[in-house]
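**Q** structure of the sequence below:
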Amino acid sequence: MNEKGNLRVAFFIRAAALWLYTGRTFCALSRQIRMNTSLEILILAAGKGTRMRSDLPKVLHRLAGKTLLGHVVDTAHALGAAQICVVYGFGGEAVPQALDDGALTFVLQAEQQGTGHAVKQALPQLADDGVTLVLYGDVPLTHMSTLQPLVAAARADKLGLLTVALAHPDGYGRIVRENGKVVRIVEHKDASAAERAIQEVNTGILAVATRHLKSWIAELKNDNTQGEYYLTDIIALAVRDGVVIDTHQPGYEWEVLGVNSKVQLAGLERIHQGEIAQALLNDGVTLMDPARIDVRGALTCGRDVVIDVNCVFEGQVQLGDGVQVGANCVLRNAVVAAGTRIDAFTLIDDAKIGEANRLGPFSRIRPGTTLARDVHVGNFVEIKNSQIDDGSKINHLSYVGDTTMGKKVNIGAGTITCNYDGANKHRTVIEDDVFIGSDTQLIAPVTVRKGATLGAGTTLTKDAPAGELTLSRAKQLTLSGWQRPIKPKKES
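**A** Numbers count the residues shown, from 1 in each chain. This next block holds a predicted model:
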């Protein structure tokens, strides 16, 4: 081959290599674009929930302290949705008002004409070039990891469908397959005897390219026994159009269980609390009975935490290393530092508890309270909006409200800070090393200076000086010859 021929071959080799490189780059870029397609999540939450026997919309009933819809919205946020659209209906504005979340878009379904009709109401809000994941406001416990494969399938231009095999599938739409491939879904009421024998059922949860969804929803008909537009009918349309139905199953059957009655709500509550208890045990928390704990929010624990039976944790609760919580306690939005012991029947509400404190039994710590280190709060003591410094003790039958208390103060039994004059709250200041005798009333605003002692039975209306004994008592008298009144006898 001459030199010109060699140059021609070299040229074609370079051109082929460039074409192959460009093609591969384009394919990789196309795959990347598909993977980055925006995810929009549609939550159907318009149902009345007749069997709940309640005026409250079904999706606003609470599970573990949060609305059913709130659980689904949290999952949607965790999936990284570009938009979350909630279709609501029964209860009117109660649903939008209950969710204080500016990231949500709400769409009203004025007439409940089926799931397909509900989706149709939201279609104008969805971008044509995105992927839509359909969830349900009364199915609260679906794991994010269960939903991610559906989204991945939709980004690959498939229809991701979540199905589950049930031993007793009555009432559910059946997955009809031919040669192993999904061809359609038939609702229970419309199914033949052979179809009702199928155990694989539709959960209603699916993900698909939005352009497909819009096209198929427009074709839905309501010629069925319910006279409704079924979202499930898009499966047959997808098969017709050659879109692959990619099915996935949840890790646990309860992930796809919906709530239609108080019985079902109670059942899911116990399942969810069991999952929380198992996670706490796995993290090293000692639960005296894992079946008797309720977490209605988020509970985080350090090492060697011990929790006795029938305790309730609401909102955000943090327990430090070595904290012990006795039976029948309620902690709400509380931080408890290391080494603190909380005895039975204690309520802590929106308060901060320092290290090595001892509280209870039967103590009530109200909002705005901060306890420093080694503070003792005993039985039938109530503290509200007060700051108690290191080493102070309020052991018996006392009320401390709107108070700033120093170090190593001892409060005797039956002491009351009288902080309310009937119109306004006033503050009491008790400085370090003060001793207050039993049955004392401190009429705020008032200050007890460092090292002062208040005698038992004192009603303090003026500041008590430092290092002195202050008391206010009537002179003790004995009236000689006094006779106790006698109840007159009834005539027979």
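**Q** would you report the backbone torsion angles of D138?
**A** phi -110, psi 20 (degrees, to the nearest 10).
**Q** and it, how many neighbours?
**A** 25 (other C-beta atoms under 10 Å). (Glycine included, C-beta is placed from N, CA and C.)
**Q** separation between it and I342?
**A** 36 Å (C-beta to C-beta, to the nearest Å).
**Q** cool, and L68?
**A** Distance of L68 to I342, given as C-beta to C-beta: 31 Å.
**Q** so those two - more neighbours on which side?
**A** Remark: of L68 and I342, I342 carries more neighbours, 29 against 26, as counted by other C-beta under 10 Å.
**Q** quick check: beta-bridge partners of the more buried one?
**A** V325, L359 (DSSP bridges).
**Q** local confidence estimate at it?
**A** Note on I342: pLDDT of 98.
**Q** would you mind measuring from it to A197?
**A** I342 is 55 Å from A197, by C-beta to C-beta.
**Q** D74 now?
**A** 37 Å.
**Q** more crowded one of those two?
**A** Comparing D74 with A197 by other C-beta under 10 Å, the one with more neighbours is D74, at 14 against 10.
**Q** may I have whichever strand or helix holds that one as PDB, with CA atoms only?
**A** D74 is part of helix 68-78 when elements are defined by DSSP states H and E. Taking Å, rounded to 0.1, in the frame of the first residue of the first chain, the C-alpha atoms of helix 68-78 are listed here in PDB:
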ATOM      1  CA  LEU A  68     -50.500   9.700  58.700                       C
ATOM      2  CA  LEU A  69     -50.000  12.200  55.900                       C
ATOM      3  CA  GLY A  70     -47.100  13.700  57.800                       C
ATOM      4  CA  HIS A  71     -45.200  10.400  57.700                       C
ATOM      5  CA  VAL A  72     -45.700  10.200  53.900                       C
ATOM      6  CA  VAL A  73     -44.600  13.800  53.400                       C
ATOM      7  CA  ASP A  74     -41.400  13.100  55.400                       C
ATOM      8  CA  THR A  75     -40.600  10.100  53.200                       C
ATOM      9  CA  ALA A  76     -41.200  12.200  50.100                       C
ATOM     10  CA  HIS A  77     -38.800  14.800  51.400                       C
ATOM     11  CA  ALA A  78     -36.200  12.100  52.200                       C
END
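**Q** and that helix, what does it pack against?
**A** When contacts are defined as 3 or more C-beta pairs under 8 Å, 6 or more residues apart in numbering; DSSP states H and E, helix 68-78 packs onto strand 39-45, strand 83-88, strand 131-136, helix 144-155.
**Q** pLDDT averaged over that helix - what is it?
**A** Mean per-residue pLDDT for helix 68-78: 97.
**Q** can you list contacts of that helix?
**A** Helix 68-78 has contacts (C-beta atoms under 8 Å, 6 or more residues apart in numbering) with 41, 43, 45, 58-64, 66, 84, 86, 95, 98-99, 101, 103-104, 133, 135-144, 147, 259.
**Q** what sits opposite the nearest residue to K393 once chain neighbours are set aside in the beta ladder?
**A** Spatial nearest neighbour of K393, excluding adjacent residues (C-beta to C-beta, 6 or more residues apart in numbering): H376 at 4.3 Å. Note on H376: beta-bridge partners by DSSP bridges are R358, K393.
**Q** what do you get for A165?
**A** Assigned bridge partners for A165, using DSSP bridges, are E200.
**Q** touching, it and Q199? I think so.
**A** Yes. A165 is within contact range of Q199, at 5.0 Å (criterion: C-beta atoms under 8 Å).
**Q** ok, G116 touching Y230?
**A** Yes. G116 is within contact range of Y230, at 5.4 Å (criterion: C-beta under 8 Å).
**Q** now do the shared contacts for the two.
**A** L220.
**Q** who has more neighbours, these two?
**A** Between G116 and Y230, Y230 has the larger neighbour count (other C-beta under 10 Å), namely 23 against 20.
**Q** in contact with that one, which residues?
**A** G114, T115, G116, E187, L220, N224.
**Q** can you check D433 too?
**A** Here D433 is in contact with G406, K407, K408, V409, K450, G451 (C-beta under 8 Å, 6+ apart).
**Q** please apply the same query to Q278.
**A** By C-beta under 8 Å, 6+ apart, the residues touching Q278 are P290.
**Q** need phi/psi at it.
**A** Per degrees, to the nearest 10, the backbone of Q278 is at phi -60, psi -40.
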